[in-house]
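Enquirer: Dropping a prediction and its sequence here:
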Amino acid sequence: MITRRTLIAFAALAAALGLSTAPAHAEEPFKVGFIYVGPVGDAGWTYAHDQGRLALEKSLGAKVKTTYVESVPEGADAERVIRKLAADGNKLIFTTSFGYMNPTEKVAKAFPGTTFLHATGFKTGKNLGVYETRLYEGAYLLGVVAGKMTKTKTLGVVASFPIPEVIRNINAFTLGAQSVNPAVKTKVIWVNSWYDPAKERQAAETLIAQGVDVLNQNTDSPATLQVAQEKGVYAFGWDSDMSKFAPKAHLTASTNNWGDYYIETTKAVMAKTWKSGEVRGGLQEGMVKMSPLNPVVPPDAAKAFEEKKALISTGKFKPFQGPIKDQSGAVKVAAGSEVALKDLLSMNFYVQGVEGSIPK
């Protein structure tokens with residue numbers, strides 16, 4: 001039997017030899033923070049980002065500890081939350097909405113030992129990078145299906161904010177539709193929110209009343225799809241597969257796959273090999289994925305969709321290659337050319353066929 005006196009003697013001997021009798025501590029996990037503009041929910045933009053966070057946890061296990069804060073408004077609240085994530089010891093912070101750009105840049109300067117990655121922005125720094133998906137590639141493919149499915153030749157988009165990334169998606173959707181149905185026109189209603197099911201529902205109802213029979217969206221809830229199913233028209237999921245909310249109306253979805261990016265970026269920051277810059281991935285890189293086509297999509301539409309998806313995925317076709325005209329008929333992209341990256345990132349015009357004007 002080991003007595004208390006024996007234990008005391010052993011401790012004294014260990015101390016004399018410079019040994020520690022304290023249990024060894026496991027290495028502290030690398031802390032990663034996420035800030036979301038909407039609720040995690042079970043569909044849409046924020047849901048897709050959180051699926052990426054969960055993939056990161058699954059891949060790296062006990063090596064990482066992730067934290068997220070959801071439904072954070074863009075503005076002063078965002079800066080406060082980002083700053084707290086940094087102060088709490090998160091050494092890598094992903095800020096996942098365009099309106100977080102300036103707060104992220106400001107906090108990054110105050111925490112030079114922390115790496116910040118901002119989604120869909122354009123400002124970079126020594127410890128600040130940007131990332132986004134070329135979701136307009138998916139929007140183009142949705143347009144191909146819409147152009148084949150519409151009977152009224154009138155499409156609709158429930159749009160969030162009039163910023164370049166949303167305008168790109170509206171234009172790509174329209175161009176995709178016109179590639180198979182040149183007479184198509186697109187109506188747009190802006191709801192000035194990323195997530196507001198009531199406003200999204202109202203906008204969808206208004207568009208259908210105006211003759212729209214295929215709807216797309218750049219918002220985060222499935223409300224547009226649910227209205228489509230109630231009214232007997234078609235629609236698409238956005239950012240994630242939303243088919244479970246409206247299985248009859250949901251034709252397919254353009255989805256974001258963030259998991260691989262979050263895993264590889266975290267590994268690079270942990271290994272101190274990360275370098276500031278811009279990452280923009282699409283179908284070719286697997287950052288944009290299309291969900292399965294609804295069986296109601298006829299064979300000719302499915303064939304056009306698959307053919308164009310293959311061309312985009314291999315880099316043989318770009319959604320914004322000319323000729324492209326704006327609403328006035330002026331040539332914006334000449335035949336044989338494509339829109340330069342800087343012009344994509346600042347796109348502020350509607351292509352021919354989109355009705356109305358861009359809000360100021």
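Expert: Received, thanks.

Enquirer: hey, where'd the helices end up in the stretch 51-200 of the chain?
Expert: 76-87, 101-110, 135-149, 164-178, 197-209 (DSSP state H, counting those that start in this stretch).

Enquirer: what's the closest of the ones you listed to K325?
Expert: helix 164-178 (10.5 Å; Cβ to Cβ). From N, CA and C alone the C-beta is placed, and that goes for glycine too.

Enquirer: And the contacts of that closest one?
Expert: 98, 120, 132, 135-137, 139-144, 146-147, 150, 155, 157, 159-160, 184, 186, 188, 216, 218, 308, 319-320, 324, 344-351, 353-354, 358 (Cβ atoms under 8 Å, 6 or more residues apart in numbering).

Enquirer: ChimeraX command to pick out the buried ones of the residues you listed?
Expert: Buried residues within these, by 16 or more other Cβ atoms under 10 Å, are selected in ChimeraX with:
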select :98,120,132,135,136,137,139,140,141,142,143,144,146,147,150,155,157,159,160,184,186,188,216,218,308,319,320,324,344,345,347,349,350,351,353,354,358
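
Enquirer: Which ones among the contacts of helix 164-178 lie within strands?
Expert: Using DSSP state E, the members of the contacts of helix 164-178 that fall in strands are 132, 155, 157, 159, 186, 188, 216, 324.

Enquirer: Would you agree the first one is in contact with L117?
Expert: No: the pair E132 and L117 does not pass the contact test of Cβ atoms under 8 Å, sitting 10.4 Å apart.

Enquirer: picking up where we left off before, adding distance to F34 and mean pLDDT, write the helices of the stretch 51-200 of the chain out as JSON lines.
Expert: Formatted as JSON lines, these follow (distance: least, Cβ to Cβ, whole Å; pLDDT from 0 to 100):
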{"stretch": "helix 76-87", "distance to F34": "8", "mean pLDDT": "96"}
{"stretch": "helix 101-110", "distance to F34": "12", "mean pLDDT": "98"}
{"stretch": "helix 135-149", "distance to F34": "19", "mean pLDDT": "98"}
{"stretch": "helix 164-178", "distance to F34": "19", "mean pLDDT": "98"}
{"stretch": "helix 197-209", "distance to F34": "23", "mean pLDDT": "98"}
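
Enquirer: got a markdown table for those helices, with distance to L283 too?
Expert: Converted to a markdown table, the helices of the stretch 51-200 of the chain look like this (distance: least, Cβ to Cβ, whole Å):
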| stretch | distance to L283 |
| --- | --- |
| helix 76-87 | 30 |
| helix 101-110 | 25 |
| helix 135-149 | 5 |
| helix 164-178 | 12 |
| helix 197-209 | 26 |
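
Enquirer: if we compare those, which one ends up closest to K231?
Expert: K231 lies closest, by Cβ to Cβ, to one member of the helices of the stretch 51-200 of the chain: helix 197-209, at 5.0 Å.

Enquirer: Format the CA atom coordinates belonging to the closest one as PDB.
Expert: Taking C-alpha atoms only, helix 197-209 is exported to PDB below (Å, rounded to 0.1, in the frame of the first residue of the first chain):
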ATOM      1  CA  PRO A 197     -39.300  36.500 -44.500                       C
ATOM      2  CA  ALA A 198     -42.300  38.800 -44.400                       C
ATOM      3  CA  LYS A 199     -40.700  41.300 -46.900                       C
ATOM      4  CA  GLU A 200     -39.500  38.400 -49.100                       C
ATOM      5  CA  ARG A 201     -43.000  36.900 -49.100                       C
ATOM      6  CA  GLN A 202     -44.600  40.200 -50.000                       C
ATOM      7  CA  ALA A 203     -42.100  40.800 -52.800                       C
ATOM      8  CA  ALA A 204     -42.600  37.300 -54.300                       C
ATOM      9  CA  GLU A 205     -46.400  37.800 -54.200                       C
ATOM     10  CA  THR A 206     -46.100  41.100 -56.000                       C
ATOM     11  CA  LEU A 207     -43.800  39.700 -58.700                       C
ATOM     12  CA  ILE A 208     -46.200  36.800 -59.400                       C
ATOM     13  CA  ALA A 209     -49.100  39.300 -59.600                       C
END
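
Enquirer: what is the orientation angle of that helix with strand 154-159?
Expert: 170 degrees (axes from the mean of the first three to the mean of the last three Cα atoms, to 10 degrees).

Enquirer: how about helix 197-209: buried residues?
Expert: 199-205, 207-208.

Enquirer: neighbouring contacts of it?
Expert: With contact meaning Cβ under 8 Å, 6+ apart, helix 197-209 is reached by 156, 158, 187, 189, 191-193, 215, 217, 219, 221, 223-224, 226-228, 231, 233, 235.

Enquirer: How far does it sit from its chain's centre?
Expert: 23 Å (Cα atoms, centre = their mean, to the nearest Å).

Enquirer: which ones are touching the closest residue to P359 other than its chain neighbours?
Expert: The shortest distance from P359 to any non-neighbouring residue, by Cβ to Cβ, 6 or more residues apart in numbering, is to P162 (4.8 Å). Counting by Cβ under 8 Å, 6+ apart, P162 touches 190, 358-359.

Enquirer: how about those in CSV, adding distance to A249 and pLDDT?
Expert: Listed next are the contacts of P162 as CSV, based on distance: Cβ to Cβ, whole Å; pLDDT from 0 to 100:
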residue, distance to A249, pLDDT
W190, 22, 98
I358, 28, 97
P359, 27, 96
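
Enquirer: next structured bit after the helix or strand bottoming out on mean pLDDT in the chain?
Expert: Counting by mean pLDDT, DSSP states H and E, the weakest-scoring helix or strand in the chain turns out to be helix 4-16, with a mean of 48. Beyond helix 4-16 on the C-terminal side, the first helix or strand identified by DSSP states H and E is strand 30-35.
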